[in-house]
Each structure stands twice: as C-alpha cells, then as structure tokens.
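>>> Just need the structure, nothing else, for what follows:
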Amino acid sequence: MPRPWWLIEQVCRLFNESPSDFTYMNTEYSSRERFLLWYMATISFFGLNIAFIFGLFFQPGALLSALTNPISAAFIFEAFLLMAAFAYLLAKWGKSSLHWGWFVFLSLMGGMAFAVPVVLLWPFKKSLRENFIRK
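Just a heads-up that it's a prediction; the model follows:
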C-alpha cells in the first residue's frame, strides 16, 4: 500500500528533476487530435459564451445570485486557481509559444476549454499553413 504522501513526492520529483521525462513528452498532434481540440475550443467559445451572455442579459439576477452563493463562489475560486496553475505549468513546461498572460486572457474571454486547445495548438515559429496543414 502506498504511503499517503506518495503523490506529493511524485509531484515534487517532477518539478525538482531537470530535465524531467515529462518535459520531453510528445506534443505532435495527429490531424484527428488537432480537429478535436479545435472543435472543443469552438464549442466552448461559441456555445458556452453565448449561454453566459444570454443569461447575463435576460436573467441578470442569476449572475448576482451565483456570485453571492458560497458553493458557486468556491467553484469560481477553484477555476481561477486552476487557470493560474495551468498558466504557470504551460510556461514552465514550454508547451506553448504564447506568453502565460495570453493564456490568462484567453481563459477569461472564452473559458479554459477554449484557452487550453488554442494555446497548445498555437504555432511554434512556423507559419499558420505549416502548423495546421500537415502531411
């Protein structure tokens, strides 16, 4: 049976070892994976944002009640913590060519389901054509 602190040791080992195996994981995406990531980003940006904007204009009291509800406040706080953690980790692991600030901006404008695929698929010093049309 693993010790209770086993997971903490593994996470610490991940950050303290340089270079770690995780840094060199394969980040080449197949055309199907790229399609699914862009599909997720599109659905998130248009679907979830439209639902939020609809609720904001046609049920403005719902936003106020969500912000004053302690349960939803806990989820909102967790979302901000996760956004900060993802921004830090993506920058640390070098998995994106965008600055971490762009990840935060995209997360606030379109949600994390939008920001993660966009940041992961953003081209690394390649033209857009080379990044999105691969053989």
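
>>> Val119 - how many residues pack around it?
24 (other Cβ atoms under 10 Å). C-beta here means a position set from N, CA and C on the backbone, and glycine is covered the same way.

>>> what helices or strands is whichever strand or helix holds it leaning on?
Taking DSSP states H and E as the definition, Val119 sits inside helix 112-121. The contact analysis (3 or more Cβ pairs under 8 Å, 6 or more residues apart in numbering; DSSP states H and E) places helix 112-121 against helix 31-42, helix 70-93, helix 100-110.

>>> now for these, which one comes closest to Val119?
helix 100-110 (5.1 Å; Cβ to Cβ).

>>> Mind giving me the packing neighbours of that closest one?
Where contact means 3+ Cβ pairs under 8 Å, 6+ apart, helix 100-110 is packed against helix 70-93, helix 112-121.

>>> can you list contacts of the shortest one?
Meaning helix 112-121. Residues from elsewhere that reach helix 112-121 (Cβ atoms under 8 Å, 6 or more residues apart in numbering): 27, 29, 34, 37-38, 40-41, 43-45, 48, 79, 82-83, 86, 90, 95-96, 98, 102-103, 106-107, 110, 131.

>>> now swap in the longest one and tell me
Contacts of helix 70-93 with the rest of the structure, by Cβ under 8 Å, 6+ apart, involve 22-23, 66-67, 96, 99-101, 103-104, 107-108, 112, 115-116, 119-120.

>>> try 6 Å
By Cβ atoms under 6 Å, 6 or more residues apart in numbering, the residues outside helix 70-93 that reach it are Thr23, Ala66, Ser96, Trp100, Phe103, Val104, Ser107.
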